[in-house]
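K.L.:
3D model of this:
(2 chains)
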Amino acid sequence: MSDVAIVGIGMHEFGRHDGISGMDQGVTAVRRALADCGQQWSDMEFAVGGSMDAGAADTMVSRVGLTGLPFTNVVNGCATGGTALAQAVNTIESGAGDLGIAIGFDKHEKGAFRIKGPRGKDWYGGSGLALTTQFFGMKINRYMHEHGITRPTLAKVGAKAFRNGALNPMAWRRKPLSEEEVADSLMLSYPLTQYMFCSPGEGGVAMILCRADKAKQYTDRPIYLKAAAVRTRKFGSFEVLAPSIALEHDAGPTSAASKAAFEQAGIGPEDVDVAQLQDTEAGAEIMHMAENGFCEHGEQEQMLANGDTEINGRLPVNTDGGCLANGEPIGASGLRQVYENVLQLRGDAGERQVPNDPKVAYTHVYGAPGISGVTILSR
Amino acid sequence: MTTPIANPVAVADGIFTLNDGQPVLLGSRCTNCDNHMFPRQHGCPRCMFNEQVDVELATRGTLWTWTVQAFPPKAPPYLGPVGDDFEPFGVGYVELPGQLRVEARLTESDPEKLQIGMEMEIVPFVLGTDEDGNDVVTYAFAPVTQNGDQS
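P.N.:
Model (predicted):
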């Protein structure tokens, strides 16, 4: 698949922005994306967008322009942004539109996500089990037991994220932290400490897509979408917020989405020059390296020791600081990864630019209730 | 052994029964493929068959994974003590042989005393008191000691 190109990108800074609504941040991202490719809102033939906590995306037309375009709201958990992008791609490939925009933004209350129960009397939340953080602690704890990953390696992932975030003017947390500071910070959900977790946050991202054969009309540096795949969990996968799990094992939605994306693109993990992988917490980045096919389970311990995932390493991972340094505004997070990869492929990533002219870039988003989205971009 | 709870009221109906003060989890079993589910539900996610029977789940199993909830959950929905009264608590998945792995609070919260593979047994756990003065009870799992008692 290379029938769709990304021609414009825009982002509102991630972080905490008192007095600025999530919708405001989405609107800013839209205006920046339009400016990036010299287009007007009235040029957009369709829009797809979503947020989890900041309102229905389509209501932003009263701010950016009542042009009458078809605007589809997407609500798909942590994969909201990735799904918006996939829908925009499908719209163009189906011929329903040649030029459109994918939008994601959000603004969450401080602290861990408040998960509301499905029923009137919420035994799960009431009992103290409705916390996504617990799942992440339990998944990596089991993984460390099975595959020999150690706690210092978790701290290495955290330190890398803040080191990269310090080089990213759009990131929330821009202060480098040492491995010791990460390891010794407050224990939140064993074995994960405060600085091994990302925080719910705020931000917005938008990107303008078009038919690949028309891309040069809008930019001299189009980035092509080789694949965009979304998958949900199968029976036997271990997922967040599950009161029970099966004894049978499935590799999970990340492996499935990754396989589908590589198949669409007709390439393999060895062809990827830079990757943005869901790092809700430090352990997730480690597990997702293997689930996305970049290594065998357990090899991460040595890869981190070698510095393989640093900006100058063999496979740079989360070059913009990932969720750990940017926080996680659910609706925008998946598109933030794509935004970073477009910068990297254009050679516009500044101080955190991956060397040697990267040509293929990979994104992976994961979230509740067991959904993954993968994209593969190329120049 | 645990002290008897005077006026136990289950945190919700249909999740577990209290059998002489001890919780027994209420699950479903698919009549087609034998898949076990908790809580009870109709429709099997494994074989997509739509005929299930109610079963009581095993009360003993082994710890498959665990963590420690070290900060107070947001209330609502949490019904236990928060603020200065909050105490960290263990959370884990306990593998019930031949059935499934169930998520539960653990009575133990010391990482030094929790080990994957250790034997666990279900116990009642008091979250707090309702407006009528009853003890609101959920289920938890406690490590089983060498001689077979709960620690």
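
K.L.:
Correct me if wrong: B:L18 contacts B:A10.
P.N.:
Yes - between B:L18 and B:A10 there is a contact at 6.5 Å, judged by Cβ atoms under 8 Å. Glycine gets a C-beta too; all of them are placed from N, C-alpha and C.

K.L.:
which one of these two has more residues nearby?
P.N.:
B:A10 (18 against 15; other Cβ atoms under 10 Å in any protein chain shown).

K.L.:
what pairs with that one across the strands?
P.N.:
In this structure, B:A10 has beta-bridge partners B:V137, where bridges are defined by DSSP bridges.

K.L.:
How about B:P23?
P.N.:
The residues listed as beta-bridge partners of B:P23 by DSSP bridges are B:L18.

K.L.:
which ones are touching it?
P.N.:
B:F16, B:T17, B:I122, B:V123, B:P124, B:V137, B:Y139 (Cβ atoms under 8 Å, 6 or more residues apart in numbering or on different chains).

K.L.:
which residues in chain B form strands?
P.N.:
Counting by DSSP state E, one finds strands in chain B at the ranges B:8-10, B:16-19, B:22-30, B:36-37, B:52-56, B:60-69, B:89-96, B:100-106, B:119-129, B:135-143.

K.L.:
my bad, the stretch 51-200 of chain A
P.N.:
Secondary structure of the stretch 51-200 of chain A by DSSP state E, counting those that start in this stretch: the strands cover A:71-73, A:99-107, A:187-189, A:192-193.

K.L.:
Quick one: residues in contact with the first one.
P.N.:
Where contact means Cβ under 8 Å, 6+ apart, the residues beyond strand A:71-73 that reach it are A:F46, A:A47, A:V48, A:G49, A:G50, A:A56, A:A57, A:D58, A:V61, A:Q87.

K.L.:
at 6 Å what do you get?
P.N.:
A:A47, A:V48, A:G50, A:A56, A:A57, A:D58 (Cβ atoms under 6 Å, 6 or more residues apart in numbering or on different chains).

K.L.:
which residue is nearest the centroid of chain A?
P.N.:
Most central in chain A under Cα atoms, centre = their mean is A:G334, positioned 3.0 Å from the mean C-alpha point.

K.L.:
And it, how far from B:C33?
P.N.:
A:G334 is 35 Å from B:C33, where distance means Cβ to Cβ, to the nearest Å.

K.L.:
re the thing from before, most tightly packed of the strands of the stretch 51-200 of chain A?
P.N.:
Between those, the one whose residues have the most neighbours on average, counting mean count of other Cβ atoms under 10 Å in any protein chain shown, is strand A:99-107 (a mean of 30).

K.L.:
What residues does chain B have near chain A?
P.N.:
B:11-12, B:15, B:38, B:45-46, B:65, B:67-68, B:70-71, B:73-74, B:77-80, B:91, B:100-103, B:111, B:116, B:138 (Cβ under 6 Å from any Cβ of the partner chain).

K.L.:
switch to 7 Å and redo it
P.N.:
Remark: the part of chain B in contact with chain A comprises B:11-12, B:15, B:37-39, B:45-46, B:64-71, B:73-74, B:77-80, B:89, B:91-93, B:100-103, B:105, B:111, B:116, B:127, B:138, using Cβ under 7 Å from any Cβ of the partner chain.

K.L.:
Give me the buried entries from those residues.
P.N.:
Those of those that meet the buried threshold are B:11-12, B:15, B:37-39, B:46, B:64-71, B:73-74, B:77-80, B:89, B:91-93, B:100-103, B:105, B:116, B:127, B:138, by 16 or more other Cβ atoms under 10 Å in any protein chain shown.

K.L.:
now the strands: where do they sit in the stretch 201-350 of chain A?
P.N.:
With DSSP E, counting those that start in this stretch applied, the stretch 201-350 of chain A shows strands at A:202-211, A:223-232, A:244-245, A:274-277, listed in chain order.

K.L.:
Please enumerate residues in contact with the shortest one?
P.N.:
Residues from elsewhere that reach strand A:244-245, judged by Cβ atoms under 7 Å, 6 or more residues apart in numbering or on different chains: A:F238, B:M37, B:F38, B:Y93, B:L100, B:R101, B:V102, B:E103.

K.L.:
In chain A, what residue spans correspond to helices?
P.N.:
Taking DSSP state H as the criterion, chain A carries its helices at A:22-36, A:61-64, A:80-93, A:123-126, A:132-147, A:151-165, A:179-184, A:253-265, A:282-291, A:300-306, A:322-326, A:330-346.

K.L.:
where does stretch A:147-155 sit relative to the chain's centre, distance-wise?
P.N.:
From the chain centre to the centre of stretch A:147-155 is a distance of 23 Å (Cα atoms, centre = their mean, to the nearest Å).

K.L.:
Could the C-alpha coordinates of it be exported in CSV?
P.N.:
Once side chains and other backbone atoms are set aside, the C-alpha atoms of stretch A:147-155 remain, and they are given as CSV (Å, rounded to 0.1, in the frame of the first residue of the first chain):
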residue,chain,number,x,y,z
HIS,A,147,12.3,-13.8,30.0
GLY,A,148,15.0,-12.6,32.4
ILE,A,149,14.5,-8.9,32.0
THR,A,150,15.9,-7.0,35.1
ARG,A,151,14.8,-3.9,36.9
PRO,A,152,17.9,-1.9,35.9
THR,A,153,16.8,-2.4,32.3
LEU,A,154,13.4,-0.8,33.1
ALA,A,155,15.3,2.2,34.5
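
K.L.:
got a list of what residue 7 touches?
P.N.:
With no chain named, the answer covers chain A. Neighbouring residues of A:V7 by Cβ under 7 Å, 6+ apart: A:C37, A:I208, A:C210, A:A215, A:Y218, A:T219, A:P222.

K.L.:
My question was about chain B, not that one.
P.N.:
Counted by Cβ under 7 Å, 6+ apart, B:N7 has contacts B:G133, B:N134, B:D135.

K.L.:
For residue 77, grab phi and psi.
P.N.:
Went with chain A since none was named. Main-chain torsions, A:G77, degrees, to the nearest 10: phi 60, psi -140.

K.L.:
oops, chain B please
P.N.:
The main-chain torsion angles of B:P77 are listed as degrees, to the nearest 10 and equal phi -90, psi -10.

K.L.:
so B:F49 makes contact with B:R29?
P.N.:
No - with contact taken as Cβ atoms under 7 Å, B:F49 and B:R29 are classed as non-touching, separated by 11.2 Å.

K.L.:
who's more crowded, the two?
P.N.:
Between B:F49 and B:R29, B:R29 has the larger neighbour count (other Cβ under 10 Å), namely 18 against 13.

K.L.:
so where is the stretch 51-200 of chain A shaky, pLDDT-wise?
P.N.:
Using pLDDT under 70 as the threshold, the predicted model of the stretch 51-200 of chain A has low-confidence ranges A:116-121.

K.L.:
Contact residues of it facing chain B?
P.N.:
Close to chain B, as judged by Cβ under 7 Å from any Cβ, the stretch 51-200 of chain A has residues A:111-112, A:114, A:116-117, A:121-123, A:125-131, A:134, A:137-138, A:141-142, A:145, A:187-190.

K.L.:
A:K110 - how many residues pack around it?
P.N.:
By the measure other Cβ under 10 Å, the count of residues near A:K110 is 8.

K.L.:
same thing with A:G266?
P.N.:
Using other Cβ under 10 Å: A:G266 sits among 12 other residues.

K.L.:
Quick check on it: phi, psi?
P.N.:
The phi/psi pair for A:G266 (degrees, to the nearest 10) reads phi 70, psi 30.

K.L.:
who touches it in this structure?
P.N.:
No residues are in contact with A:G266 under the rule Cβ under 7 Å, 6+ apart.

K.L.:
Count residues in the vicinity of residue 97, would you?
P.N.:
Here I'm looking at chain A. Neighbours of A:G97 (other Cβ under 10 Å): 18.

K.L.:
wrong chain, I was asking about chain B
P.N.:
Residues near B:P97, counting by other Cβ under 10 Å, number 10.

K.L.:
What does the pLDDT read for it?
P.N.:
Among the per-residue scores, B:P97 shows a pLDDT of 97.

K.L.:
Let me see the contact set for B:L79.
P.N.:
Going by Cβ under 7 Å, 6+ apart, the list of residues near B:L79 reads A:G126, B:V11, B:L127, B:G128, B:V136.
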